[in-house]
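Engineer: one predicted model, sequence on top.
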Amino acid sequence: MASNRDPESDTDAEGGQSGGVQSVERALTVLEILARDGHAGVSEIAEEMGIHKSTVSRLMGSLVTRQMVHQNSERGKYQLGFGILRLASSIPGRLSLVHEARPVLESLADEFKETVNLAVLRSNYAVNVDQAMGPSTLATHDWVGSLTPLHATSSGKVLLAALEADDRDRILKETGLAARTARTITSRKELDAQLLKAAADGYAVVREEFEIGLNAVAVPVRNHQGTVIGAISISGPAFRFDPEGIPGLLDTLKEAGHKVSANMGYHGH
């Protein structure tokens, strides 16, 4: 009798432990594809990974069950789910970070009338773990749970600037410097210069590098040891939001970063 099993299933099943490792690697690759592209269908993912569509469908089924991935009922494509945020938030210290930062985020959003986000480093991405929106904010996008590229966002640049050189090199080699817009920095030399400046200035700015029409600025948040554990950013429409041109914004944002850092036990300047 002919077998109806997918040849990929045989590959997964062979070797026991090695097959399990392969499944984990494939699941992580799927999550990275969705984080990079925002959404994708089974066929697109299967083609990029070079595996059978039925294998991708099984992976998606498992990821959906665990809320790591969500399927858009209208288009049938998949995107990252809230399970990713739950995992990030469960890491010791990050829940307290969200708690300590929340009133500061709300104060910034109220004062500058723009979207304020708190992001942390997860694997090779900046993941937004909390958000406050100003009363007149035009944008309605919920960034909580979103994994964003480090090299194209203000929070990402702050987080990159704080890393040891070896860790930064490893991440950028793994992720590359993909162009999200025509203004995205894709030169490693230029990015390194920006990161040095961000470390010296205490903030990082992006101008339509992640999304056309969107500018942002971010500052670091430190823990009791002085290690950068997060970034607070303010973003707004490019036509009205010039981070370095709004009186008092940078000083207030830096003070906000210092306040949350102090709440986390940091006593340096």
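Structural biologist: Cool, got the structure. Numbers count the residues shown, from 1 in each chain.

Engineer: show me what counts as buried in stretch 152-164.
Structural biologist: 152, 153, 154, 155, 156, 157, 158, 159, 160, 161, 162, 163 (16 or more other CB atoms under 10 Å). In this view, the C-beta of every residue, glycine as well, is placed from N, C-alpha and C.

Engineer: go through the residues you listed and say which is closest to residue 209.
Structural biologist: Nearest to residue 209 among the buried residues of stretch 152-164: residue 152, at 4.8 Å, using CB to CB.

Engineer: so for that closest one, what's the pLDDT?
Structural biologist: Looking at residue 152, its pLDDT is 93.

Engineer: I figured it hits residue 207, correct?
Structural biologist: No: using CB atoms under 8 Å, residue 152 and residue 207 do not qualify as a contacting pair, with a distance of 11.0 Å.

Engineer: re earlier: from the buried residues of stretch 152-164, which single one is nearest residue 197?
Structural biologist: residue 161 (8.6 Å).

Engineer: if I pick that closest one, what's in contact with it?
Structural biologist: 195, 196, 198, 199, 204, 220 (CB atoms under 8 Å, 6 or more residues apart in numbering).

Engineer: at 10 Å what do you get?
Structural biologist: Counting by CB atoms under 10 Å, 6 or more residues apart in numbering, residue 161 touches 150, 168, 192, 194-204, 220, 228, 231.

Engineer: ranges for the helices of the stretch 1-150 of the chain?
Structural biologist: In the stretch 1-150 of the chain, the segments counted as helices under DSSP state H, counting those that start in this stretch are 7-13, 17-37, 42-49, 53-65, 82-90, 94-112.

Engineer: need those in JSON lines with distance to residue 180, mean pLDDT and mean neighbour count, can you?
Structural biologist: Supplementary listing: the helices of the stretch 1-150 of the chain in JSON lines, determined by distance: least, CB to CB, whole Å; pLDDT from 0 to 100; neighbours: other CB atoms under 10 Å:
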{"stretch": "helix 7-13", "distance to residue 180": "32", "mean pLDDT": "44", "mean neighbour count": "15"}
{"stretch": "helix 17-37", "distance to residue 180": "10", "mean pLDDT": "80", "mean neighbour count": "15"}
{"stretch": "helix 42-49", "distance to residue 180": "18", "mean pLDDT": "88", "mean neighbour count": "16"}
{"stretch": "helix 53-65", "distance to residue 180": "24", "mean pLDDT": "87", "mean neighbour count": "17"}
{"stretch": "helix 82-90", "distance to residue 180": "20", "mean pLDDT": "68", "mean neighbour count": "17"}
{"stretch": "helix 94-112", "distance to residue 180": "24", "mean pLDDT": "88", "mean neighbour count": "17"}
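
Engineer: quick one: residue 85 from residue 200, how far?
Structural biologist: According to CB to CB, to the nearest Å, residue 85 and residue 200 sit 32 Å apart.

Engineer: overlap in contacts of residue 152 and residue 207?
Structural biologist: Common contacts of residue 152 and residue 207 (CB under 10 Å, 6+ apart): 181, 183.

Engineer: tell me the pLDDT of residue 183.
Structural biologist: Looking at residue 183, its pLDDT is 94.

Engineer: quick one: secondary structure of it?
Structural biologist: Following DSSP: H, G, I helix; E, B strand; the rest coil, we place residue 183 in the coil state.
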